[in-house]
Every structure is written in C-alpha cells, then in structure tokens.
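Asks: need coordinates for the following:
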Amino acid sequence: MTVVGLDDTDSRERGMCTTYVAARIADELRQFGNVERLLLVRLNPAVEYKTRGNAALAIHVDCDAETAFSVARDELESLAETADDRTNPGLVVAGHDPDDVPGSVATFAREAIRDLLEIADAEATIDAAGYRSWGLGNGRGQIGALAAVGSWTTLEEWTYEYISYREPEQWGTPRTVDHESVFAAADCGYPEAWDTVDCGEDETVCVPHTPGPILHGIRGDDPDVAREVAGRIESEPVDRTQLFVTNQGTDAHLRDGSIADARDGRAYRLEGTVATEPETRRGGHVFFTLEDGAGRSDRANEPKTREGAAATQDDGGDRLECAAFEPTKRFRDRVRALRVGDRLTVCGEVSRGTCKLEKFAVRDLVRTERVTPTCPDCGRSMESAGRNQGYRCRDCGTTAAGKAEVELERDLEEGWYEVPPCARRHVAKPLVRGGFDATTHPER
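Replies: This is a model prediction of the structure:
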C-alpha cells in the first residue's frame with residue numbers, strides 16, 4: 001500500500017479544487033492498483049494563507065510508491081493553478097500502509113489541524129521519514145500533503161462527503177441547480193446527511209459559489225445516504241463523482257484550554273463566566289467578555305504579557321473577548337440573550353485577541369436579579385434611605401432592608417447552541433451529530 005498526500009492546488013480567483021485534483025489522480029492510479037479510499041482532511045482553519053477551507057487530500061492506493069509519485073506529480077503539474085503566485089502545490093508519497101506512519105508524522109498531522117507550522121518543519125519531517133516529495137513555489141503545500149499522509153492514524157472520528165463535479169466547460173459559469181430539489185433531497189437525508197441546506201436562510205449550503213469544479217457536496221455520517229441525497233438533486237450534467245472520507249463535522253480543530261492560555265491562531269474549548277453585557281456593534285457583530293473568575297493573587301509572579309496571548313487580566317481574573325459576527329445570522333440572538341453571570345463553555349478560533357464563536361453551551365443561567373424594592377402599599381419604587389440604611393417609601397412610610405430579588409424570564413435554556421449551517425466551518429461539529437455533554441438545540 002502507498003499513501004499519496006497533496007495540497008494547495010487551487011486559487012481564490014482562478015478556481016480549481018484540490019479534491020478534484022485528487023479524484024483525477026485516483027482515476028489514473030486505478031490503472032496500477034486498487035484505490036482503497038480518498039481522505040479529505042481539514043487542517044487548522046485559522047491559517048492565514050489558506051485558500052478557503054484549508055483542505056489537504058490523501059489517496060490510499062495498492063501500487064508501488066515510485067509509480068504513485070510519478071502519476072501524482074504529472075497530474076499536479078497539469079492541473080494546479082500555478083498562475084496564481086499564492087498557489088504552492090505540494091506532494092508527499094509514503095511507501096507504506098496508512099497505519100504505519102512514524103510517530104513524528106502522526107504528531108505533525110495532529111499539529112497541522114490544531115496549530116501553526118512552518119515549511120521547514122514539514123521538510124525536516126519528510127526527510128527523516130524518507131518520503132518522496134515535490135513542490136512548487138515556496139513549498140508550503142508540503143505541509144498539508146504531509147499532514148494528510150499522517151492523518152489516518154492521528155484522527156479517530158471520520159465522516160463522509162460525496163462530491164459531484166461539473167463538466168469542465170461549465171467551470172466559472174453560474175451553476176444550474178434546482179433550489180427546491182435540493183431542499184427536498186435534504187429532507188430525505190436528514191439527519192444522516194447534514195448541512196445540505198440552511199432552512200432559516202433559505203440557502204443551499206451544499207452548492208458553492210466559487211469558480212471551481214464542484215457542483216455540490218453532500219456531507220454526512222452515512223455514505224449511502226450522501227449518495228442518495230446527491231442523486232435526488234436536479235441540476236446541470238455531472239461530469240464525475242467521488243466519495244471522500246473526511247474529518248469534517250468532527251471538531252478535530254478544537255483543543256481544551258483555559259482563557260489564560262488562549263493564543264491567536266488556534267481554536268479552543270473554553271470555560272468561563274459572562275463578564276459584560278452583550279453589545280451589538282457597527283456591522284451587526286455582537287461582542288461580550290468571558291472571564292475565568294479566578295483572582296490574580298495566585299498569579300502575581302506571572303509575566304504581564306505572553307507571546308501570542310489573547311487573554312487580558314483584571315482584578316476579576318483572565319478575560320477574553322468573544323464575538324458572534326454578522327454572517328452567523330440568527331446565532332447572534334442567542335448571544336444577545338446572555339447575561340452577566342451566565343456560566344458557559346465556548347468553542348471557536350482565537351484571532352486578534354477575540355474568540356470567534358462557533359458554538360457555546362450554557363452551563364448555568366442567572367435566574368434572578370436584585371432590584372429596587374416596590375412599596376407594598378402604593379406600588380411605587382422605594383428610594384434609598386441613606387448609605388446602608390435600606391429603602392423607604394416617602395409617601396407611605398414603609399421600609400425595606402435592601403434590594404428585592406425577582407425572577408428573570410430568560411430566552412435561553414441550558415445546553416448547546418450553534419451557528420447556522422450557512423456559517424458553519426467545514427471542520428466544526430453540527431449539534432445534530434450528537435455526542436455532546438448536554439442538551440442540544442440544533443440549527444438547520
């Protein structure tokens with residue numbers, strides 16, 4: 001068995017898609033042996049130089065490594081959009097079974113999904129493993145290619161995507177896909193096939209808007225259901241199809257961490273308490289501050305700043321700004337419903353000191369608030385009787401020792417909330433897939 005890894009063949013302006021290149025390479029390799037599977041691996045979504053979804057591909061094929069390398073290189077040179085100087089295709093070929101990667105390669109794959117890596121890191125690991133490699137431009141594509149090679153042993157959870165491709169002469173033109181048929185197909189496949197449509201926004205999420213070769217892609221937990229959904233969609237002619245095994249919808253990018261340790265360029269699962277009221281700012285973006293609640297006394301000897309650190313400190317503890325940006329649409333209403341004191345688990349990428357929310361879990365809601373007491377005789381609000389003197393009604397003479405506690409009506413319940421499908425990152429796990437540690441409130 002041989003593993004072929006490839007990455008960075010597409011362009012934001014000129015199109016192409018690395019999944020299509022992988023499908024073409026797999027077709028050529030079938031002349032020399034059985035292609036067992038194709039992997040579509042989503043790497044760290046915070047990487048700045050990604051094209052769109054930061055995907056790398058791997059092909060597991062039963063042929064010799066030299067033949068696989070030659071075939072893959074020819075296809076890459078032919079199909080990669082190298083006219084764009086930001087496209088730097090890379091190829092890595094390992095002449096062993098997917099399960100037999102060295103520990104250093106498995107570690108590299110894990111870090112590529114959750115951290116930031118350098119080209120030199122990839123080159124050193126490739127040389128140590130004795131792999132064949134090739135790249136154009138600055139060689140950055142070898143980072144993703146090597147990560148794809150090591151992903152099979154690194155990742156434990158996999159889903160599927162069944163992609164249908166357009167006829168080449170149609171690339172760059174508007175797609176012809178019947179809107180109603182997509183929604184009908186999505187209904188038939190849900191929940192085994194998810195994120196096909198966004199019902200709230202009336203959007204066909206599975207149909208891209210880029211100039212590349214993809215017509216539509218159906219994601220789900222069952223490959224047969226994904227194929228069935230794709231087959232129900234009425235559209236322009238399909239040139240070819242390919243099933244991919246993928247880490248999409250798995251939250252593989254998230255790392256457990258603390259607010260104090262959160263750093264830019266990584267994605268986290270963090271615990272904290274809402275420290276400021278949600279604020280809607282220009283553009284419709286909603287912000288609030290999350291606090292760990294710990295005091296500063298136990299951190300008196302820590303440095304005031306840390307390289308890449310996103311959290312800030314005040315007398316209440318470490319704090320991190322969180323945001324639901326305008327593209328998350330109705331999710332922002334969930335964020336606006338938060339109150340100071342609510343205890344949360346938040347998930348999202350930290351960038352420029354702000355956690356871009358993908359989902360959050362309400363662990364504990366503030367259920368009461370303290371208000372100025374009301375006079376039981378006349379029903380008017382009492383006034384302060386002076387410092388530490390409680391409250392009194394000047395008209396009726398009634399008094400109260402302090403503020404009254406009243407129950408709050410909350411628009412949230414405890415449990416998980418998520419962005420809608422139209423705003424979901426490829427690697428983020430939809431709530432409908434299950435496996436969460438509390439009640440879920442899925443978006444569809």
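Asks: going by C-alpha atoms from here, please, whenever you check contacts or count neighbours.
Replies: OK.
Asks: helix, strand or coil for Ile25?
Replies: The three-state label given to Ile25 by DSSP: H, G, I helix; E, B strand; the rest coil is helix.
Asks: for it, grab the count of nearby residues.
Replies: 20 (other CA atoms under 10 Å).
Asks: and the pLDDT at it?
Replies: pLDDT recorded at Ile25 is 96.
Asks: and the pLDDT for the residue nearest to it when sequence neighbours are not counted?
Replies: In space, and not counting its chain neighbours, Ile25 is closest to Ala72: 5.7 Å by CA to CA, 6 or more residues apart in numbering. Confidence at Ala72, expressed as pLDDT, is 96.
Asks: just checking, Ala72 is part of a strand?
Replies: No. Counting by three-state DSSP, Ala72 is not found in a strand; it is helix.
Asks: was I right to think it contacts Asp27?
Replies: No. Using CA atoms under 8 Å, Ala72 is not in contact with Asp27; the gap is 10.5 Å.
Asks: tell me which of the two has more neighbours.
Replies: Ala72 (26 against 12).
Asks: check contacts around the more buried one.
Replies: By CA atoms under 8 Å, 6 or more residues apart in numbering, the contact list for Ala72 reads 4, 25, 91.
Asks: do the same with Val92
Replies: Residues in contact with Val92 (CA under 8 Å, 6+ apart) are 4-6, 69, 126, 131-134, 142, 145-146, 149.
Asks: what do you get if the cut-off is 6 Å, keeping everything else the same?
Replies: Remark: with contacts taken as CA atoms under 6 Å, 6 or more residues apart in numbering, Val92 is in contact with 5, 132-133, 145-146.
Asks: what about it, which SS state?
Replies: Three-state call for Val92 (three-state DSSP): strand.
Asks: distance check, it against His179.
Replies: Separation of Val92 from His179 (CA to CA, to the nearest Å) stands at 40 Å.
Asks: domain ranges for the chain?
Replies: In terms of domains, the chain is parsed into 2-154, 159-246, 254-367+409-441, 368-407 (source: automatic domain parsing).
Asks: which of these is buried the deepest?
Replies: Most buried of these, by mean neighbour count (mean count of other CA atoms under 10 Å): domain 2-154, with a mean of 21.
Asks: for Ala401, give me the pLDDT.
Replies: pLDDT, Ala401: 87.
Asks: skip the chain neighbours and tell me the closest residue to it.
Replies: Gly390 (4.5 Å).
Asks: and stretch 234-243, C-alpha only, in PDB?
Replies: Extracted C-alpha coordinates of stretch 234-243, given in PDB (Å, rounded to 0.1, in the frame of the first residue of the first chain):
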ATOM      1  CA  GLU A 234     -31.900  18.200 -10.200                       C
ATOM      2  CA  SER A 235     -29.100  20.000 -11.900                       C
ATOM      3  CA  GLU A 236     -26.900  20.500 -14.900                       C
ATOM      4  CA  PRO A 237     -25.000  17.400 -16.100                       C
ATOM      5  CA  VAL A 238     -22.500  15.800 -13.600                       C
ATOM      6  CA  ASP A 239     -19.100  15.100 -15.000                       C
ATOM      7  CA  ARG A 240     -17.800  12.800 -12.300                       C
ATOM      8  CA  THR A 241     -18.400  12.000  -8.600                       C
ATOM      9  CA  GLN A 242     -16.100  11.000  -5.700                       C
ATOM     10  CA  LEU A 243     -16.700   9.800  -2.100                       C
END
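Asks: list the contacts of it.
Replies: 161-167, 176-178, 181.
Asks: now it, how far from the chain's geometric center?
Replies: Put simply, stretch 234-243 sits 26 Å off its chain's centre (CA atoms, centre = their mean, to the nearest Å).
Asks: TSV for the contacts of Ala72, including distance to Ala337?
Replies: Formatted as TSV, the contacts of Ala72 follow (distance: CA to CA, whole Å):
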residue	distance to Ala337
Val4	48
Ile25	50
Leu91	48
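Asks: please enumerate the helices of the protein.
Replies: Here the chain has its helices, by DSSP state H, at 18-29, 65-79, 103-114, 119-129, 141-154, 179-189, 223-232, 331-336.
Asks: dump those helices into JSON lines; add distance to Asp198 as well.
Replies: Listed next are these as JSON lines, based on distance: least, CA to CA, whole Å:
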{"stretch": "helix 18-29", "distance to Asp198": "24"}
{"stretch": "helix 65-79", "distance to Asp198": "32"}
{"stretch": "helix 103-114", "distance to Asp198": "26"}
{"stretch": "helix 119-129", "distance to Asp198": "38"}
{"stretch": "helix 141-154", "distance to Asp198": "30"}
{"stretch": "helix 179-189", "distance to Asp198": "9"}
{"stretch": "helix 223-232", "distance to Asp198": "15"}
{"stretch": "helix 331-336", "distance to Asp198": "13"}
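Asks: so which of those helices is nearest Leu254?
Replies: Of all those, helix 103-114 sits nearest to Leu254, with 6.8 Å by CA to CA.
Asks: helices and strands around that closest one, which ones?
Replies: Helix 103-114 sits against helix 141-154, with contacts defined as 3 or more CA pairs under 6 Å, 6 or more residues apart in numbering; DSSP states H and E.
Asks: what is the mean pLDDT for the helix it packs on?
Replies: Confidence over helix 141-154 (mean pLDDT, whole number) is 96.
Asks: so which elements touch it?
Replies: Checking 3+ CA pairs under 6 Å, 6+ apart, helix 141-154 ends up next to strand 2-7, strand 55-61, strand 90-94, helix 103-114.
Asks: and the second one with helix 141-154, angle?
Replies: Going by axes from the mean of the first three to the mean of the last three CA atoms, to 10 degrees, strand 55-61 is angled at 60 degrees with respect to helix 141-154.
Asks: kindly report the same for the shortest one.
Replies: Angle, strand 90-94 to helix 141-154, by the same axes, to 10 degrees: 40 degrees.
Asks: tell me the strands beside strand 90-94, with direction?
Replies: Note on strand 90-94: by DSSP bridges, its sheet partners are strand 2-7 (antiparallel), strand 132-135 (antiparallel).
Asks: returning to what we had before: now the residue nearest to Ala401: how far from Pro376?
Replies: Applying CA to CA, the value for Gly390 to Pro376 is 15 Å.
Asks: isn't Glu358 up against Gly348?
Replies: Yes. Using CA atoms under 6 Å, Glu358 is in contact with Gly348, at 5.0 Å.
Asks: mind pulling up the pLDDT for Pro373?
Replies: On the pLDDT scale, Pro373 gets 88.
Asks: what sits opposite the closest residue to it other than its chain neighbours in the beta ladder?
Replies: The shortest distance from Pro373 to any non-neighbouring residue, by CA to CA, 6+ apart, is to Ala404 (5.1 Å). For Ala404, the beta-bridge partners are Val371 (DSSP bridges).
Asks: Ala404: what's it in contact with?
Replies: Here Ala404 is in contact with 370-371, 373 (CA under 6 Å, 6+ apart).
Asks: redo that, cut-off 10 Å
Replies: With contacts defined as CA atoms under 10 Å, 6 or more residues apart in numbering, Ala404 is in contact with 368-374.
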